[in-house]
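Novice: Can you look at this prediction? I've put the sequence above it.
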Amino acid sequence: MTISVQNLVKRKVPGTFLAIVNARVYPMTVDAQPVAADTIVCDGGRIVFVGPRVAASLDGAQIVDARGGAVVPGLIDAHTHFVFAGDRVGEFRQKSEGATYEAIAKQGGGIWKTVLATRKASEEELVALAVPRLEAMRARGVTTVECKGGYGLDLANERKMLRAAREAGRRAGLHVVTTFLALHTFPKDAAGSRADYVHESLHWLEALHGEGLVDGADVFVETSAFLADDARATAKVAKRLGLPLRLHVDQLSAGRGAALCAELAALSADHLEHMAAGDAELLAKHDVVAGLVPWASLYVGRGAKPPIAALRAAGVKMMVATDFNPGSAPVCDLLAAAALSVGYLGLTVDEALLGITRHAAQALGLGDRGVIKEGAVADLVVLDHPDAARAIYELGRSPIRALLHSGNPTAVS
Ligand code: NIG
Ligand code: FE
């Protein structure tokens, strides 16, 4: 029986026994090249077979015909700030006229402006703002997305953000991974000292983790934000709670942040525009993924870029993310981020494809996705071209023929 994806979408049967046939399969398990398999069978939300059609038993399976299109793992955006209220379009204009990110922040703009808007919004309002952003991401093949807090900066508002992130994921049908980021900027209305704020934030981390709202922890380590020792203090609590770390480091100034990530065994070291090239060996040694966020590099880096050649030479895995947020990277398009990682940062196309699949999964500590193999979650993107590179080559028009989330075909528009 061959039925169209549209019909499957209407039926929405969970745990569908389904086969994608006539596929050009890019498993991303070893490299970013296709393999000699044309069929992927899914059951119960997992991939149960990858291989030639003749070897698969498809009796009773619903068939999705890829018509020769490339099939890649559901894409993973491993660094975003998709829950926020308001916008910073005025700053976009100011920056175009020469103002710097730091100068805008000093005048009360920047992250603090978004904190004030986010605090004013209700949880439901934040969800309503976030859902269309997630739908836009899904239309570009994203099935798993990370979301940071950090626009609340007190317990109640950080809770509200993280709850909104989870709920938006449920409504939009994406898997959301949450990250605690109270150490994003020192709140201008804090009652006590910076040290008091850091100390207090650690109690919030425990409390919110206890409520099931936190999957990882982050700190913005920067001269204008928080210190390496603040990240060390956060790491200590995170470790006790069994939470992984992913840190914002070396974004605006050279702070040996990559070395810090290696010291703390973070899953990822993100930004890295001012990273010491010599620290690449440390990242490789501790298997820390380099988190590349090319839109933020372009918009606030003033030409500074992560040392890609050193990262590559050391064998560091590189993930590519949008860093979607209202300030440094107002772009919720992972395909555009991957394209820019090639065009601006100098990644190869294959590095970029691994950066939004397998290496992004590693940055989130998720071993069950980002690859096409038996046992993995059946998150799959069927492209309308036999070469997976097409997805990040021509931008603007959706390159997606079909999208499966946990084995269920989902509508993409
Ligand atoms: O990843 N560097 C800190 N955080 C964000 C920016 C957040 C914002 O400007 O609102 C980033 O660039
Ligand atoms: Fe960020």
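Specialist: Ah, there it is. This one's a predicted model, so the numbers in the text were calculated from it and none came from an experiment. Ligands and ions are numbered 1, 2, ... in the order given.
Novice: Might you enumerate the residues of the stretch 51-200 of the chain proximal to ligand 1?
Specialist: 81, 110-111, 114 (CB under 6 Å from any ligand atom). To be clear about C-beta, it is placed using only N, CA and C from the backbone, and glycine gets the same treatment.
Novice: farthest-separated two in those?
Specialist: By the measure CB to CB, His81 and Gly110 form the most distant pair in those, at 12.6 Å.
Novice: Name the spans of the stretch 101-250 of the chain whose pLDDT lies under the cut-off.
Specialist: By pLDDT under 70, the stretch 101-250 of the chain has no low-scoring segment.
Novice: how about the residues of the stretch 301-413 of the chain near ligand 1?
Specialist: 323, 325-328.
Novice: Which of those residues has the largest number of neighbours?
Specialist: Highest neighbour count within these: Asp323, with 29 neighbours (other CB atoms under 10 Å).
Novice: quick one, which of His81 and Gly110 is more surrounded?
Specialist: His81 (27 against 21).
Novice: the helices in the stretch 51-200 of the chain, which residues?
Specialist: For the stretch 51-200 of the chain, the helices defined by DSSP state H, counting those that start in this stretch occupy 89-96, 101-106, 111-120, 123-138, 155-172, 194-210.
Novice: I'd like these as a markdown table, with mean neighbour count appended.
Specialist: A markdown table is the format used below for the helices of the stretch 51-200 of the chain (neighbours: other CB atoms under 10 Å):
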| stretch | mean neighbour count |
| --- | --- |
| helix 89-96 | 13 |
| helix 101-106 | 17 |
| helix 111-120 | 20 |
| helix 123-138 | 19 |
| helix 155-172 | 21 |
| helix 194-210 | 17 |
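Novice: can you tell which of these is closest to Ser57?
Specialist: Of the helices of the stretch 51-200 of the chain, the one closest to Ser57 (CB to CB) turns out to be helix 123-138, at 31.1 Å.
Novice: residues contacting the residue of the stretch 201-350 of the chain found nearest ligand 1?
Specialist: Scanning the stretch 201-350 of the chain for the residue nearest ligand 1 gives Gly327, at 2.4 Å (criterion: CB to the nearest ligand atom). By CB atoms under 8 Å, 6 or more residues apart in numbering, Gly327 lies in contact with 88, 91, 101, 110-111, 114.
Novice: Repeat that for Leu205.
Specialist: Per CB under 8 Å, 6+ apart, neighbours of Leu205: 180, 182, 214, 217, 234, 237-238, 241.
Novice: next one: Val131
Specialist: 168, 171-172.
Novice: How about the residue of the stretch 51-200 of the chain found nearest ligand 1: what's its closest non-neighbour residue?
Specialist: Here the stretch 51-200 of the chain gets closest to ligand 1 at one residue, Ile111, 4.5 Å apart by CB to the nearest ligand atom. In this structure, Ile111 finds its nearest non-sequential neighbour in Thr185, 4.4 Å apart by CB to CB, 6 or more residues apart in numbering.
Novice: quick one, helices of the stretch 251-400 of the chain?
Specialist: Using DSSP H, counting those that start in this stretch, helices in the stretch 251-400 of the chain cover 257-263, 280-285, 294-300, 308-314, 334-343, 349-355, 358-363.
Novice: Just name the most buried of those helices.
Specialist: helix 358-363 (a mean of 27; mean count of other CB atoms under 10 Å).
Novice: Contacts for that one, please.
Specialist: Contacts for helix 358-363 (CB under 8 Å, 6+ apart): 28-29, 73, 75-79, 144, 246, 267-268, 289, 291, 317-321, 367-371.
Novice: Out of these, which sit inside strands?
Specialist: 73, 75-77, 144, 246, 268, 289, 291, 318-320 (DSSP state E).
Novice: okay, now the domains of the protein?
Specialist: 5-73+371-410, 76-363 (automatic domain parsing).
Novice: now the longest one, how far from the centre of its chain.
Specialist: In other words, domain 76-363. 9 Å (CA atoms, centre = their mean, to the nearest Å).
Novice: One more: the first one?
Specialist: With CA atoms, centre = their mean as the basis, domain 5-73+371-410 stands 21 Å off its chain's centre.
Novice: Just the local confidence number for Ser4, please.
Specialist: Reported pLDDT at Ser4 in the predicted model: 46.
Novice: Likewise for the one 10 residues further on?
Specialist: Model confidence at Pro14, expressed as pLDDT, equals 46.
Novice: Tyr299 too?
Specialist: So, for Tyr299, pLDDT stands at 94.
Novice: nearest residue to it other than its sequence neighbours?
Specialist: Ser328 (5.5 Å).
Novice: Test my guess that Leu153 contacts Ala182.
Specialist: Yes: when contacts are counted by CB atoms under 8 Å, Leu153 is listed as touching Ala182 (6.2 Å).
Novice: Could you point out which residue ranges in the stretch 301-413 of the chain have low pLDDT?
Specialist: In the stretch 301-413 of the chain (pLDDT under 70), the answer is 413.
Novice: Number of residues surrounding His248?
Specialist: His248 has 29 nearby residues by other CB under 10 Å.
Novice: Can you report phi and psi for it?
Specialist: phi -80, psi 110 (degrees, to the nearest 10).
Novice: now Ile40
Specialist: phi -130, psi 120.
Novice: confidence score at it?
Specialist: On the pLDDT scale, Ile40 gets 97.
Novice: helix or strand for the closest residue to it other than its chain neighbours, which one?
Specialist: With sequence-adjacent residues excluded and distances taken as CB to CB, 6+ apart, Ile40 is closest to Ile20, at 4.6 Å. Here Ile20 sits within strand 18-21, counting by DSSP states H and E.
Novice: Direction included, what does the next helix or strand after that strand pair up with?
Specialist: Sequence order places strand 24-25 as the next helix or strand after strand 18-21, per DSSP H and E. Strand 24-25 pairs in its sheet with strand 70-73 (parallel), by DSSP bridges.
Novice: Now do the strand it pairs with, average pLDDT.
Specialist: 98.
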